[in-house]
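Novice: sharing a model that was predicted from the sequence below.
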Number of protein chains: 2
Amino acid sequence: MQVFSTVEDFRKARTGFADLGFVPTMGFLHEGHLSLVRRAKAENGAVAVSIFVNPTQFGPTEDLSSYPRDLERDLELLREAGADLVFTPDVDVLYPQGFVTKIDVAGVAAEMEGRSRPGHFSGVATVVTKLFNIVQPQHAYFGQKDAQQCAVVQRFVRDLDIPVRIVVCETSREEDGLARSSRNVRLSAEDRLRAPALYRALTKAAEAFQAGERRTSVLEQIMSEELHAGGIDVVDYATVVSPDTFLRPDILSEKGLALLAVKCSGVRLIDNMLL
Amino acid sequence: MQVFSTVEDFRKARTGFADLGFVPTMGFLHEGHLSLVRRAKAENGAVAVSIFVNPTQFGPTEDLSSYPRDLERDLELLREAGADLVFTPDVDVLYPQGFVTKIDVAGVAAEMEGRSRPGHFSGVATVVTKLFNIVQPQHAYFGQKDAQQCAVVQRFVRDLDIPVRIVVCETSREEDGLARSSRNVRLSAEDRLRAPALYRALTKAAEAFQAGERRTSVLEQIMSEELHAGGIDVVDYATVVSPDTFLRPDILSEKGLALLAVKCSGVRLIDNMLL
């Protein structure tokens, strides 16, 4: 496994590989990331991983400084998972003095995370485009846990004709259903016990949908009640949208996507489930 | 020479070439474009040209509908100039239903053309990025006539780590100094006689700079007087900036870039000269 922190060094090493899968991460890796790395390796022969906590996708009051980091442990995990190339740039490598370009996505990026975190998806779109241009993979792997991020990436990749195929992989969960996230480590012991309420709420909505419920407001009510019963009181949104447009119809047709964002111990948790 | 109007067909044909130079154009080709094509051919072995009048870089009151077009003549000229691949997409090929992404460049894009034509450089940055992703050239060729466009393209290519080298080529001029432009054909006979005043104004500013004049306002005054003496009364800007930043200092240091934008017969003409 080769590790590089400059664009020039990474590019030089990249020429040694034909087909390449790519997993962009913000580090502090967990089983969710590692499953993406193993899948990318299996499907492409070689896999590149980036570790970069991207400041432009954090708002001024968000948890950039407290975002967990452990590069040595990450590299050890990536070695075991079979990574071939790792890119670990510093902030001034990707955003040198004079940097003035940004990519904005409307439509799917407008609501939910886009509304709660102004500038977040512009930061994501800009850094992912940069990473794609540096890594030049054939396929890039993202977790369904960040459902709206997946939709945003698929959208700008299509809009900008970026020659990378996006592969969205199932959310990796703990035994009790909690979606794996680097931020989970910052939950208090009590809130860690409360956090599986997100999964239970999504599951209840999915069961109601299966049983024929199509009214968005009723499905949302089911989720809110389950969250409150589980002791989660700070709910940013608990909503159901069309998975293609991320717009919220009053009545769903054949598909729906249930989306949750809450705060526990001051930690923002998100999760989702396809209905 | 192969001509394609869909992304899929172009991409398939592109795989037949290793090194490729690229000249993006809005068609109605003149000697300026053709000199770029010949240079790209000489430096890369093969050359691709796009012909696309990009609607997103025109403002609502600008000349999108009257922009001159002649595809058959363009293809004939490209054949003679040695083009290998030509990409002639319709608007809905590059902007299909649901398109919602745009690239914004601050800094060098803010003043002059950026101020006079709001949204212009965002349209340019977005379409050029798309074309680079479709054509995937090693080098792309632009004319110095659009000096600020060159600076904007160089800026976002660097900022987004796009793996294309930008080559800026000298402005192609008529015998009397008028910079070649597809829009020149729309000048009245009288205004065609007046139009070389732009070149004379730039030349006078360059001479004054050579003679030691470093005050921006004096150089601008010299240009304005020459334009008015030449019968050009609608001046959008006649200014001098630093070629790196496109900012206007009061006193120039070792380099300067003189920039003009005027209207003749309702046709917007721009030109520039490195001092």
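Specialist: Okay, I see it. No experiment lies behind these values; they were computed from the predicted model shown.

Novice: tell me the pLDDT at the residue of the stretch 151-275 of chain A found nearest chain B?
Specialist: Going by Cβ to the nearest Cβ, chain B is nearest to residue A:159 of the stretch 151-275 of chain A, at 3.7 Å. Where C-beta positions appear, they are placed from N, C-alpha and C, glycine not excepted. At residue A:159, the model reports a pLDDT of 98.

Novice: wait, it touches residue B:97, no?
Specialist: No - counting by Cβ atoms under 8 Å, residue A:159 sits too far from residue B:97 to count as a contact (11.4 Å).

Novice: who has more neighbours out of those two?
Specialist: When residue A:159 and residue B:97 are compared on other Cβ atoms under 10 Å in any protein chain shown, the one with more neighbours turns out to be residue A:159, at 23 against 5.

Novice: in stretch A:172-182, which residues are buried?
Specialist: Within stretch A:172-182, the residues that qualify as buried are A:172, A:173, A:174, A:177, A:178, A:179, A:180, A:181, A:182, counting by 16 or more other Cβ atoms under 10 Å in any protein chain shown.

Novice: tell me which of the residues you listed fall in strands.
Specialist: Using DSSP state E, no member of these falls within strands.

Novice: from the residues you listed, which two are the most distant?
Specialist: With Cβ to Cβ as the measure, no two of the buried residues of stretch A:172-182 lie farther apart than A:177 and A:182, at 17.8 Å.

Novice: hmm, back to that, any idea how many residues pack against the closest residue to the residue of the stretch 151-275 of chain A closest to chain B other than its chain neighbours?
Specialist: Using Cβ to Cβ, 6 or more residues apart in numbering or on different chains and skipping residues adjacent in sequence, the residue nearest residue A:159 is residue B:101, 3.7 Å away. By other Cβ under 10 Å, 22 other residues sit near residue B:101.

Novice: cool, residue A:130 as well?
Specialist: Residue A:130, neighbours per other Cβ under 10 Å, totals 25.

Novice: now do the phi/psi pair for it.
Specialist: phi -60, psi -50 (degrees, to the nearest 10).

Novice: check which helix or strand the closest residue to it other than its chain neighbours maps to.
Specialist: Ranked by Cβ to Cβ, 6+ apart and with sequence neighbours excluded, the top spatial neighbour of residue A:130 is residue B:161, at 4.9 Å. Using DSSP states H and E, residue B:161 sits in no helix or strand.

Novice: which bits of chain A sit near chain B?
Specialist: Selection of chain A residues close to chain B by Cβ under 8 Å from any Cβ of the partner chain yields A:7, A:11, A:98-109, A:125-126, A:129-130, A:133-134, A:136, A:155-156, A:159-163.

Novice: now, of those, which are buried?
Specialist: Using 16+ other Cβ under 10 Å, the buried ones in those are A:7, A:11, A:99-105, A:107-109, A:125-126, A:129-130, A:133-134, A:136, A:155-156, A:159-162.

Novice: among the residues you listed, name the ones in helices.
Specialist: Mapping those onto helices (DSSP state H) picks out A:7, A:11, A:125, A:126, A:129, A:130, A:133, A:134, A:155, A:156, A:159.

Novice: farthest-apart pair in those, please.
Specialist: Of all pairs in those, the most separated under Cβ to Cβ is A:11 and A:155 at 26.8 Å.

Novice: quick one on the thing from earlier: okay, the buried residues of stretch A:172-182 in CSV with distance to residue B:45 and pLDDT next?
Specialist: CSV is the format used below for these (distance: Cβ to Cβ, whole Å; pLDDT from 0 to 100):
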residue, distance to residue B:45, pLDDT
A:172, 47, 97
A:173, 53, 98
A:174, 56, 97
A:177, 58, 98
A:178, 56, 98
A:179, 51, 98
A:180, 50, 98
A:181, 50, 97
A:182, 47, 95
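
Novice: ok, of those residues, which one's closest to residue A:27?
Specialist: The closest of these, once distances to residue A:27 are taken by Cβ to Cβ, is residue A:182, at 7.3 Å.

Novice: distance check, the residue nearest to that closest one when sequence neighbours are not counted against residue A:124.
Specialist: Of all residues not flanking residue A:182 in the chain, residue A:28 sits nearest, at 3.9 Å (Cβ to Cβ, 6+ apart). To residue A:124, residue A:28 is 17 Å away according to Cβ to Cβ, to the nearest Å.

Novice: compare neighbour counts for these two and give me the winner.
Specialist: A count of neighbours by other Cβ under 10 Å puts residue A:124 above the other of residue A:28 and residue A:124, at 25 against 20.

Novice: for that one, list the residues it contacts.
Specialist: Counting by Cβ atoms under 8 Å, 6 or more residues apart in numbering or on different chains, residue A:124 touches A:54, A:57, A:149, A:152, A:153.

Novice: if I look at it, how far off is chain B?
Specialist: According to Cβ to the nearest Cβ, to the nearest Å, residue A:124 stands 12 Å off from chain B.

Novice: low-confidence regions, chain A specifically.
Specialist: Within chain A, not a single segment meets pLDDT under 70.

Novice: what segments of it are strands?
Specialist: A:2-4, A:21-25, A:47-51, A:85-87, A:101-105, A:139-143, A:165-169, A:234-241, A:257-264, A:267-274.

Novice: could you say what helices and strands the second one packs with?
Specialist: Going back to what we said before, that points to strand A:21-25. Strand A:21-25 sits against helix A:31-44, strand A:47-51, helix A:120-135, strand A:139-143, with contacts defined as 3 or more Cβ pairs under 8 Å, 6 or more residues apart in numbering or on different chains; DSSP states H and E.
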